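Student: coordinates only, sequence not included:
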C-alpha cells in the first residue's frame with residue numbers, strides 16, 4: 001500500500017514539473033515560429049520596376065520608322081543547378097532562346113556563382129522564359145547548395161529582369177541622316193539610349209521616357225509578385241511619339257532616284273528637298289549618302305552629318321535672284337531697265353568675268369533669265385555694302401533658319417567688305433559667301449509665298465495616348481514686299497520658259513527656278529576644277545505650292561553644269577510629285593516643244 005502511494009506521488013510530481021516545461025517550450029517555439037514567419041514574409045516582399053521606353057518616330061503616312069524595345073537579361077546561379085539536370089536545362093534554354101548549347105554549357109561550367117546568360121532578350125521571349133523558369137522550378141532543376149561558409153542556401157531559380165532598351169530603325173537607311181541615331185548610356189544599372197544628331201537629338205527631351213512603373217508586394221514560390229490589397233503599383237510613362245511631316249513612301253522613292261543619279265554622275269552626294277511654301281512643312285529632305293542607324297559602321301561616319309543643314313558652300317548663280325530681290329526691294333532697279341553687259345567680258349579687279357550668254361546689253365529681268373554675272377555686278381553697284389549686308393542677313397544668310405535639327409550658319413562678308421566693288425560683285429553672283437542648302441531652300445520660299453519666310457519644320461507634332469500636341473511652332477517674317485516677291489517670281493518663271501531652266505518645263509504646272517554651277521575652293525587657295533551644281537525653284541498647281549531644291553556635290557561624270565544634272569533631277573522630282581498626287585496639273589492644250597540640242601548646250 002505504501003509503495004503504490006509513493007508511486008502516485010512521484011507521478012504527480014513529475015507531471016507537475018513537466019506540464020509547465022512543455023507549455024513553456026510550446027510558447028517559445030510558437031514565438032520563434034511567429035518571428036520566423038515575419039522574417040520570411042519580409043524577405044519575400046520585393047519590387048519590380050517596369051521601365052518606361054523611348055517614344056517612336058512616325059512618318060506622315062503612319063509608319064513607325066524608329067521605336068524602342070525593352071531588353072531583358074537572364075541570370076542563374078550555377079551552384080544551384082542540379083548537376084544531373086544540367087543538360088536538360090541547357091537544352092530547354094537554348095530551344096527557347098535559339099542560343100548555342102555549347103556556348104551556354106561552357107559559360108555555366110566556367111563560372112561558380114552568378115552568371116548572365118544573355119543581356120538581349122526581347123519582351124516576347126522574356127515572357128516565354130518566365131514560363132520556362134516556373135517549369136524548371138517544378139522539375140526541381142534548381143536545388144539547395146552549400147556556400148563557402150558551409151551553410152545550406154535555398155534554391156536560386158532562373159531570373160529574367162529588365163536590362164534596358166534597344167532602338168530599332170525599321171526603315172533601315174531610309175530617312176537617314178534626318179532621323180539621326182542614338183547612343184547607349186548606363187543609368188541605375190540599366191541601358192538607356194539618348195539622341196545623337198537629327199530628330200533623335202533635337203527632340204530627345206520629349207522622346208525620352210518620363211517615368212518608370214513600380215510593382216511592389218510579396219513573391220510566390222515561382223518568383224512572381226502577388227497582387228493583393230497590400231501590393232503597390234504605379235504605371236510607367238513612356239516618351240512622346242514624334243510625328244514627321246515627311247511620308248515614308250515618297251521619301252523612299254526620292255532616295256532611290258538620288259542614289260541612281262549619284263551613280264550616273266559619279267557624284268560625292270546629291271541632296272534634294274521639298275518644302276510647302278505656305279506652311280514651312282518639309283515634305284522630303286533626301287540624300288544619296290545614307291546609313292542604317294541600327295548598324296553604324298566605320299565607313300558610314302561621313303554620312304552621319306546632315307549635309308543639307310551642316311555643309312556650307314559657295315553656291316554660285318542660285319544666289320542671284322536673292323541679291324536681285326534686295327536691289328529691287330530698295331527700288332534701285334526695274335525689270336525693264338537696260339543693263340550694260342559689256343559683250344560678255346568684264347574686268348572686275350584682277351579677275352576677268354565672262355558670260356556664257358554674251359550680249360552688249362540686256363534687260364534687268366534677262367540678267368537673271370540668262371544668268372549674267374556681268375549684269376549682276378552692274379546691278380549690285382546700285383546699292384551700298386550695308387544695304388546688301390542687311391538684305392542677306394534678313395534672308396538668314398550667316399544665320400540659322402530655325403529648322404528643327406542641327407544646322408550651321410554659313411558666312412558672308414561684313415558690310416565694310418561689301419562696300420568693295422570686287423566683294424560686292426562676286427557676292428552678287430554667288431561667290432565670296434558660304435550658305436547651306438536649307439538656307440537657300442528657305443530663301444526661295446519667299447518668292448513663292450508673297451515675300452513671307454516661314455521656319456522649315458521636319459516634325460509636325462507630338463503624340464501620346466491618342467492625343468496630338470503641337471510644339472515648336474514655325475516663325476513667320478515678311479522678308480520683302482508682296483510686289484517684290486511677285487516680280488522675282490515672274491522672272492524665275494521666265495527663266496524656265498525661255499532661259500537656262502527650260503528643262504524644268506512641265507505642262508499644267510507653274511514652274512520657276514534658277515540654275516547655279518560653282519567651283520569649289522581649293523584648300524591651298526584659289527579654286528579647284530571640282531564643282532557643285534544646283535537648281536532651286538518652285539512648282540505650283542491651283543491649290544498646292546512647293547519650293548524645291550537640288551544640290552549635286554562634285555559630279556565627275558558627264559557635264560558638271562547644273563542645267564545638265566541638277567535641273568533634270570528637279571524635273572524628275574516634279575514628275576514624282578505629280579505621280580504621287582502632291583501636284584495636280586490643270587488641263588491644258590499647251591504643248592512643250594524643246595530642242596534637245598539647244599538644251600544640252602546650256603552652260604550654267
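Tutor: Thanks, I have the structure now. Nothing here was measured: the structure is a model prediction, and the numbers come from that model. Numbering: from 1, shown residues only.
Student: residues in contact with residue 360?
Tutor: With contact taken as C-beta atoms under 8 Å, 6 or more residues apart in numbering, residue 360 is in contact with 340-343. Where you see a C-beta, it was placed from the backbone N, CA and C, and this is true even at glycine.
Student: hmm, 7 Å instead?
Tutor: 341, 343 (C-beta atoms under 7 Å, 6 or more residues apart in numbering).
Student: Please report how far it lies from residue 379.
Tutor: Here the criterion is C-beta to C-beta, to the nearest Å. By it, residue 360 lies 16 Å from residue 379.
Student: Residue 311 too?
Tutor: Separation of residue 311 from residue 379 (C-beta to C-beta) stands at 29 Å.
Student: okay, those two: which has more neighbours?
Tutor: Shown here are residue 311 and residue 379; by other C-beta atoms under 10 Å, residue 379 has more neighbours (24 against 19).
Student: my guess is that one contacts residue 328, does it?
Tutor: No: with contact defined as C-beta atoms under 7 Å, residue 379 and residue 328 do not form a contacting pair (9.2 Å).
Student: Once you drop chain neighbours, what's closest to residue 558?
Tutor: Nearest residue to residue 558, sequence neighbours excluded (C-beta to C-beta, 6 or more residues apart in numbering): residue 265, at 5.8 Å.
Student: How about residue 114, nearest residue that isn't a chain neighbour?
Tutor: Closest residue in space to residue 114, ignoring its immediate chain neighbours: residue 77 at 5.5 Å, by C-beta to C-beta, 6+ apart.
Student: which stretches of the stretch 101-250 of the chain have low pLDDT?
Tutor: Residue ranges of the stretch 101-250 of the chain with pLDDT under 70: 214-233.
Student: that older thread, got the contact list for the residue nearest to residue 558?
Tutor: Contacts of residue 265 by C-beta under 7 Å, 6+ apart are 552, 555, 557-558, 565.
Student: Low-confidence ranges, this protein, go.
Tutor: Counting by pLDDT under 70, the chain contains low-confidence residues at 1-48, 214-233, 589.
Student: Spatially central residue for it, please.
Tutor: Residue closest to the mean C-alpha point of the chain, counted by C-alpha atoms, centre = their mean, is residue 179 at 1.1 Å.
Student: how about that one, secondary structure?
Tutor: Following DSSP: H, G, I helix; E, B strand; the rest coil, we place residue 179 in the coil state.
Student: Torsion angles phi and psi at it?
Tutor: Dihedral pair for residue 179: phi -70, psi -30, per degrees, to the nearest 10.
Student: In strands, which of the contacts of residue 265 appear?
Tutor: When DSSP state E defines the strands, the subset of those inside them is residue 552.
Student: Just send the contacts of residue 265 back as JSON lines, with neighbour count too.
Tutor: Converted to JSON lines, the contacts of residue 265 look like this (neighbours: other C-beta atoms under 10 Å):
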{"residue": "552", "neighbour count": "29"}
{"residue": "555", "neighbour count": "26"}
{"residue": "557", "neighbour count": "11"}
{"residue": "558", "neighbour count": "12"}
{"residue": "565", "neighbour count": "27"}
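Student: Looking at the contacts of residue 265, which are in helices?
Tutor: Among the contacts of residue 265, DSSP state H puts none in helices.
Student: Mind putting the contacts of residue 265 into a markdown table with distance to residue 140?
Tutor: Listed next are those as a markdown table, based on distance: C-beta to C-beta, whole Å:
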| residue | distance to residue 140 |
| --- | --- |
| 552 | 70 |
| 555 | 72 |
| 557 | 72 |
| 558 | 75 |
| 565 | 73 |
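Student: ok, the contacts of residue 265 vs residue 211, which is closest?
Tutor: Nearest to residue 211 among those: residue 552, at 47.8 Å, using C-beta to C-beta.
Student: Could you pull up the residues touching that closest one?
Tutor: 265, 267, 270, 532-534, 565-566.
Student: per the record, what domains does this protein have?
Tutor: 48-144+160-213+237-244, 248-600 (automatic domain parsing).
Student: Most tightly packed of those domains?
Tutor: Compared across the domains of the chain, domain 248-600 shows the largest average neighbour count, a mean of 20 (mean count of other C-beta atoms under 10 Å).
Student: Now the terminal residues of it, how far apart.
Tutor: Terminal residues of domain 248-600 lie 34 Å apart, using C-alpha to C-alpha, to the nearest Å.
Student: ok, now stretch 195-213?
Tutor: 22 Å.
Student: now residue 213, which residues is it bridged with?
Tutor: residue 50 (DSSP bridges).
Student: residue contacts, it?
Tutor: By C-beta under 7 Å, 6+ apart, the contact set of residue 213 is 49-50, 234-236.
Student: List just the nearest of those residues to residue 403.
Tutor: Nearest member of the contacts of residue 213 to residue 403, counting by C-beta to C-beta, is residue 236, at 32.5 Å.
Student: what's the helix or strand for residue 199?
Tutor: Per DSSP states H and E, residue 199 falls inside helix 198-202.
Student: ok now that helix, how far from the chain's centre?
Tutor: Helix 198-202 sits 5 Å away from the centroid of its parent chain (C-alpha atoms, centre = their mean, to the nearest Å).
Student: Contacts for the helix or strand containing residue 567 next, please.
Tutor: In the assignment (DSSP H and E), residue 567 maps to helix 566-579. Identification of contacts with helix 566-579 by C-beta under 7 Å, 6+ apart yields 253-254, 257, 261, 270, 272, 274, 501, 503-504, 506, 509, 511, 513, 515, 533-535, 537, 539, 546, 548, 550-552, 583, 585.
Student: Which members of those residues occur in strands, if any?
Tutor: Counted as lying in strands by DSSP E, out of the contacts of helix 566-579, are 270, 272, 274, 511, 513, 515, 533-535, 537, 539, 546, 548, 550-552.
Student: what's the most distant pair in those residues?
Tutor: Between any two of these, the greatest separation by C-beta to C-beta is 20.9 Å, found for 533 and 546.
Student: need the contact list for the closest residue to residue 327 other than its chain neighbours.
Tutor: Counting by C-beta to C-beta, 6+ apart, residue 327 lies nearest to residue 333, which is 5.0 Å off, once chain neighbours are set aside. Contacts for residue 333 (C-beta under 7 Å, 6+ apart) come out as 327, 364, 379, 382.
Student: quick check, nearest of these to residue 454?
Tutor: Nearest member of the contacts of residue 333 to residue 454, counting by C-beta to C-beta, is residue 327, at 23.7 Å.
Student: List of residues touching the helix or strand where that closest one lies?
Tutor: According to DSSP H and E, residue 327 maps onto helix 320-329. Helix 320-329 is contacted from outside by 333, 368, 371, 376, 379-380, 382-383, 388, 391, 395, 428-430, 443, 447, 480-481, 484, 487-488, 492, 514, using C-beta under 7 Å, 6+ apart.
Student: Lovely, talk soon.
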